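Structure of the sequence below:
(one chain, ligands or ions: 1)
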Amino acid sequence: MLSVSGTLFGRRPPHPTETKRHPTDRRNLAGQRAPVSLQSTVPCHHRYHTRGPSAAPDVHGPSSLSGPGHPPGSLVPGETLNKIPLALGMTPRVYGYLLEHIREPQVLRQLREATAAISGAHMQVTPEQGALLGLLVEVIGARRVVEVGVFTGYSSCAMAMALPPDGQLVALDRDERPLELARRFWQLAGVADKVELRVGPALQSLEQLLERDGLGSYDMAFIDKRSYDQYYELSLKLVRPGGLIAIDNTLFYGRVAEPKASDKAAIALHQLNVKLLDDQRVSISMIPIGDGMTLCRRR
Ligand SMILES: C[S@@+](CC[C@H](N)C(=O)[O-])C[C@H]1O[C@@H](n2cnc3c(N)ncnc32)[C@H](O)[C@@H]1O
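This is a model prediction of the structure:
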């Protein structure tokens with residue numbers, strides 16, 4: 001079943017302003033110097049999004065992944081984050097505020113930092129998306145989750161950490177290379193036992209899961225890769241009535257609103273959005289988080 005893809009990271013084209021940014025470049029994604037207002041005025045009394053000596057102890061033990069020290073409470077999105085929803089009108093200042101007021105476990109922050117150094121880092125879900133996915137797992141009482149598109153494992157970790165001890169997340173990806181980090185962080189996060197990784201083309205893997213586990217055998221699916229419509233249809237079969245399908249990138253950096261004829265990905269996502277609007281098999285909500293995430297509850 002294992003296969004190693006020869007393709008490169010970064011299948012999703014980066015936003016034009018996201019490219020060639022060195023991890024230590026303090027510019028934001030609009031290419032501007034991070035304004036002083038990005039520096040937090042919030043006292044460093046919590047352990048999220050802070051680096052440096054006053055950050056609270058790492059609940060998962062010391063890590064060699066931490067970057068160089070920064071003033072306590074400093075927040076420089078261009079430096080530590082892989083994707084900022086600027087295309088959706090969020091300002092760096094407000095986004096910085098948002099990040100200071102969500103809970104991102106230390107291990108996920110470390111995974112984000114470790115991912116920032118590798119090609120395709122912009123593909124990772126944002127911290128607030130991770131928090132939402134984890135919360136959704138809790139809200140619907142999910143025990144079985146399937147994820148299409150693992151990359152270095154941020155979203156899978158976030159969901160697996162929210163699953164009960166006997167919960168299971170089946171993680172699908174065809175590219176072995178980023179999975180090395182994913183495996184490492186599943187261990188660090190203490191969720192490795194909950195994750196079943198299947199390496200190979202996701203369509204094939206989903207068909208196999210349908211055959212092995214049957215219709216309606218999952219509580220939730222998270223789709224984070226192209227060919228969304230095909231994955232959506234298969235996920236609808238896998239997820240039970242009342243279960244949830246979360247589809248990432250449905251605003252696609254805003255490009256779905258006016259897709260160019262050559263922008264196949266934006267056109268495909270726009271078509272999916274149009275289809276979902278009328279799809280009576282699900283209740284839906286499109287959320288402007290990350291670059292858009294649509295939640296579909298199977299009726
Ligand atoms: C957007 S990334 C996933 C990001 C991940 N959810 C996270 O939070 O870091 C998409 C992933 O889908 C994988 N992928 C692309 N085409 C695939 C296919 N046909 N089958 C399975 N995985 C595929 C890529 O290797 C990539 O790791």
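
Let me know how buried V170 is, in neighbour terms.
For V170, the count of nearby residues is 23 (other Cβ atoms under 10 Å). Any C-beta I mention is one placed from the backbone N, CA and C, and that applies to glycine too.

Could I get the contacting residues of it?
R144, V145, V146, E147, V195, E196, R198, L209, Y218 (Cβ atoms under 8 Å, 6 or more residues apart in numbering).

Would you tell me whether the longest helix seen in the chain gets close to the ligand?
Taking DSSP state H as the criterion, the chain has its longest helix at helix 264-278. No: using Cβ under 6 Å from any ligand atom, we find that helix 264-278 stays clear of the ligand, coming within 11.4 Å at best.

Closest one of the contacts of V170 to E104?
For those, the minimum distance to E104 (Cβ to Cβ) is 18.6 Å, reached by E147.

count of neighbours near that closest one?
E147: 26 neighbours (other Cβ under 10 Å).

and it, what are its phi and psi?
Torsion angles at E147 (phi, psi; degrees, to the nearest 10) stand at phi -120, psi 130.

what comes into contact with the helix or strand hosting E138?
According to DSSP states H and E, E138 maps onto helix 127-139. Helix 127-139 is contacted from outside by 49, 81, 98-99, 102-104, 108-109, 112, 125, 142, 145, 154-155, 157-159, 161-163, 167, 220, 222, 244, 246, 248, 287, 289-290, 293, 295, using Cβ under 8 Å, 6+ apart.

Could you list the buried residues of stretch 184-194?
Buried residues in stretch 184-194, counted by 16 or more other Cβ atoms under 10 Å: R184, F185, W186, L188, A189, V191, K194.

sorry, back to before: could I get the longest helix of the chain in CSV with only the CA atoms?
C-alpha atoms of helix 264-278 as CSV (Å, rounded to 0.1, in the frame of the first residue of the first chain):
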residue,chain,number,x,y,z
LYS,A,264,-8.4,25.7,-12.6
ALA,A,265,-8.2,25.3,-8.8
ALA,A,266,-10.2,28.4,-8.1
ILE,A,267,-12.8,27.4,-10.7
ALA,A,268,-13.1,23.9,-9.3
LEU,A,269,-13.6,25.3,-5.8
HIS,A,270,-16.1,27.8,-7.0
GLN,A,271,-18.1,25.0,-8.7
LEU,A,272,-18.0,23.0,-5.5
ASN,A,273,-19.3,26.0,-3.6
VAL,A,274,-22.1,26.4,-6.0
LYS,A,275,-22.9,22.7,-5.8
LEU,A,276,-22.9,22.8,-1.9
LEU,A,277,-25.3,25.7,-1.9
ASP,A,278,-28.0,23.4,-3.4
